[in-house]
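*Asks:* Okay, structure incoming, though there's no sequence with it:
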Ligand SMILES: Cc1ncc(C[n+]2csc(CCOP(=O)(O)OP(=O)(O)O)c2C)c(N)n1
């Protein structure tokens, strides 16, 4: 018995099933799954540039006869949807399991999506483990099922399942022999002539799945009282069991397709049937579509965010402490760019020139928040570059502020590059800032094509970012030190003023402070501070102001000695302690 997170258990389940290839793009809450899978003996695991590529590599490896694991967050499934839908036509050779990790409550996502809808739309079966133990068992079994039904299987988790550690019984690794590949265009070449018969195969498979799901042991009835019956899945099951001790529960481990007879007979065994799910109406509509009557909650159940036992109790009119996000007397700690973050000055300077900033997804999204308040938009990965092109198109011929796209290195590789090709191809203008902090910081410092670090530390090839930009034919490309205020200011001025009618790309290159965790002697505020507050406008968590005097203060324990703030002090009131005094100093 071991304690494992759902993510670790999925990795273990894949390994025990004999999966030897893992292909993914990171994204919370899925990331640790592939990181964990990569540590098992005998497996090959890699980060791909994005989820679509990962699934295509996965389909290729499966076609060639290996069992494959792909992992992604819910929005990653949007990116991977294209190959996913057609992989449900081709089917598999080696078993293929795809983890979609949803984020109800949006702890670290730009939206709340329910991946069940993808499974249903793509006709890909989906399993919903409720804890780590099930995550292992379901994943392991999914490989066998994937091969039996000749279709990829999806595993859906949510933050609670992915990140909660629960006891897991590990098992033996199965002896999986790689299958041989045989050329079969009717199965693998999805042009209309072959896709039409495969669609028929798919329909037959759906009928077989509907039959199988009635018997599947992953759908379980927990018989308690007969007044209330609840259909639920995943982490919600844990809340329901706790919140409604009298209720009977049909816990669905397979959520597409649904076991029609099982749901119907369960509904018939209780006075009223409720469906409880997080931030979605997927299950409710699927149960209704079976012709089963679903009761309304006596009181409100939130339709967004994560559920909790308390919220469920209150929906049934039972007493429960009011749901509060965090106790009111806990001081707020809004997220901020780290002390010494190389992204900071870019936003400070963009804010100074009042640029329209189309942003993207990464640590730098925090440039939106006060006091930097620099970002105007953030929609999805890669959108900064394409949206800035859209802004330029619609603002053409009008007086306008400079339009600047800001994107990280990993996000640029993910999808910004194809956006930029559109701008170049159509002779677009504007400024694109690539914040190359040498890592994929937001999701935990993964490697990416532009830092050349691979998941299993294999030898790789670091893409030459400037070379790539120049190869696209972009004439105005500069590499700038983002810790140097004058350099950042100067580069932005040239790009947004002197080259306003052209396309410029500025590469701000300096490592994320969390990469090497090197600290220089810290800075302090000397007696010359005039309380002007400019240093505080950088939003560095190490800098604060005295509430009464407005005198600045630098927390020596937080300061990492980047020196960004000192460059903004017009009174030379910010100084660095000499290296010698730092050594013995107390932090
Ligand atoms: C389609 C999609 N896949 C994955 C993610 C998860 N995710 C958020 S930001 C990010 C990468 C950030 O890296 P980078 O662009 O280099 O910026 P940094 O955080 O290093 O500043 C990832 C993978 C996502 N939001 N959307």
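*Replies:* Arrived safely. Just so it is clear, the structure is predicted and the values come from calculations on it, not from any experiment.

*Asks:* what's near enough to touch the nearest residue to residue 101 once chain neighbours are set aside?
*Replies:* Using CB to CB, 6 or more residues apart in numbering and skipping residues adjacent in sequence, the residue nearest residue 101 is residue 30, 3.6 Å away. All C-beta spots, glycine's among them, are computed from the backbone N, C-alpha and C. Residues near residue 30 by CB atoms under 8 Å, 6 or more residues apart in numbering: 7, 24, 71, 72, 73, 76, 99, 100, 101, 157, 162.

*Asks:* Can you lay out the residues you listed as CSV showing secondary structure?
*Replies:* Listed next are the contacts of residue 30 as CSV, based on DSSP: H, G, I helix; E, B strand; the rest coil:
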residue, secondary structure
7, helix
24, strand
71, strand
72, strand
73, strand
76, helix
99, strand
100, strand
101, strand
157, strand
162, helix
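
*Asks:* closest to the ligand among those residues?
*Replies:* For these, the residue nearest the ligand by CB to the nearest ligand atom is residue 76; the value is 4.4 Å.

*Asks:* interface residues of the chain facing the ligand?
*Replies:* 25-27, 73, 75-76, 79, 361-364, 381, 408-411, 435, 437, 439-443 (CB under 6 Å from any ligand atom).

*Asks:* Select from these every entry located in strands.
*Replies:* In strands, judged by DSSP state E, the following of these are found: 73, 408, 435.

*Asks:* Out of these, grab the one that's most surrounded.
*Replies:* Neighbour counts for those, by other CB atoms under 10 Å, peak at residue 408, which reaches 30 neighbours.

*Asks:* Any idea what that residue is bridged to?
*Replies:* residue 435 (DSSP bridges).

*Asks:* Test my guess that it contacts residue 438.
*Replies:* No. If you go by CB atoms under 8 Å, residue 408 and residue 438 don't touch, sitting 10.3 Å apart.

*Asks:* show me what contacts the residue nearest to residue 15 when sequence neighbours are not counted?
*Replies:* Spatial nearest neighbour of residue 15, chain neighbours left out: residue 40 (4.3 Å); criterion: CB to CB, 6+ apart. Residues in contact with residue 40 (CB under 8 Å, 6+ apart) are 11, 12, 15.

*Asks:* Which of the helices or strands spans the first one?
*Replies:* Looking back up the chat, that one is residue 11. Taking DSSP states H and E as the criterion, residue 11 maps to helix 6-16.

*Asks:* now the helices: where do they sit in the stretch 251-400 of the chain?
*Replies:* Under the criterion DSSP state H, counting those that start in this stretch, helices of the stretch 251-400 of the chain are mapped to 260-268, 282-289, 309-315, 344-352, 383-395.

*Asks:* now those as TSV including mean pLDDT?
*Replies:* Formatted as TSV, those follow (pLDDT from 0 to 100):
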stretch	mean pLDDT
helix 260-268	98
helix 282-289	98
helix 309-315	96
helix 344-352	98
helix 383-395	98
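
*Asks:* circling back to that earlier point, out of the contacts of residue 40, the closest to residue 248 would be?
*Replies:* Nearest to residue 248 out of the contacts of residue 40 is residue 12 (CB to CB; 31.6 Å).

*Asks:* how close does the closest one sit to residue 127?
*Replies:* Using CB to CB, to the nearest Å, residue 12 is found at 15 Å from residue 127.

*Asks:* Out of these two, name the residue with the larger neighbour count.
*Replies:* Between residue 12 and residue 127, residue 127 has the larger neighbour count (other CB under 10 Å), namely 28 against 25.

*Asks:* List of residues touching stretch 552-559?
*Replies:* Residues outside stretch 552-559 that contact it (CB under 8 Å, 6+ apart) are 339-340, 522-525, 529, 531, 533, 535-536, 541-546, 565, 573-574, 585, 587.

*Asks:* Now for the residue of the chain found nearest the ligand: which residues touch it?
*Replies:* Proximity of the chain to the ligand (CB to the nearest ligand atom) peaks at residue 408, 2.2 Å away. Counting by CB under 8 Å, 6+ apart, residue 408 touches 360, 362, 363, 364, 434, 435, 436, 437, 440, 441, 442.

*Asks:* In three-state terms, label the nearest residue to the fifth one once chain neighbours are set aside for me.
*Replies:* So that's residue 434. Beyond its immediate neighbours in the sequence, the residue positioned closest to residue 434 (CB to CB, 6+ apart) is residue 507, lying 4.9 Å away. Counting by three-state DSSP, the backbone at residue 507 sits in strand.

*Asks:* Could you verify my assumption that residue 483 touches residue 341?
*Replies:* No. Look at residue 483 against residue 341 with CB under 8 Å: they stay out of range, at 9.8 Å.

*Asks:* So between the two, which is more surrounded?
*Replies:* Neighbours were counted for residue 483 and for residue 341 using other CB under 10 Å; residue 341 has more, 31 against 18.

*Asks:* about what we covered before: the residue nearest to residue 15 in helix, strand or coil?
*Replies:* What three-state DSSP gives for residue 40 is coil.

*Asks:* any idea where the helices of the stretch 401-550 of the chain begin and end?
*Replies:* Assigned by DSSP H, counting those that start in this stretch, the helices in the stretch 401-550 of the chain fall at 409-411, 417-425, 465-471, 485-493, 513-516.
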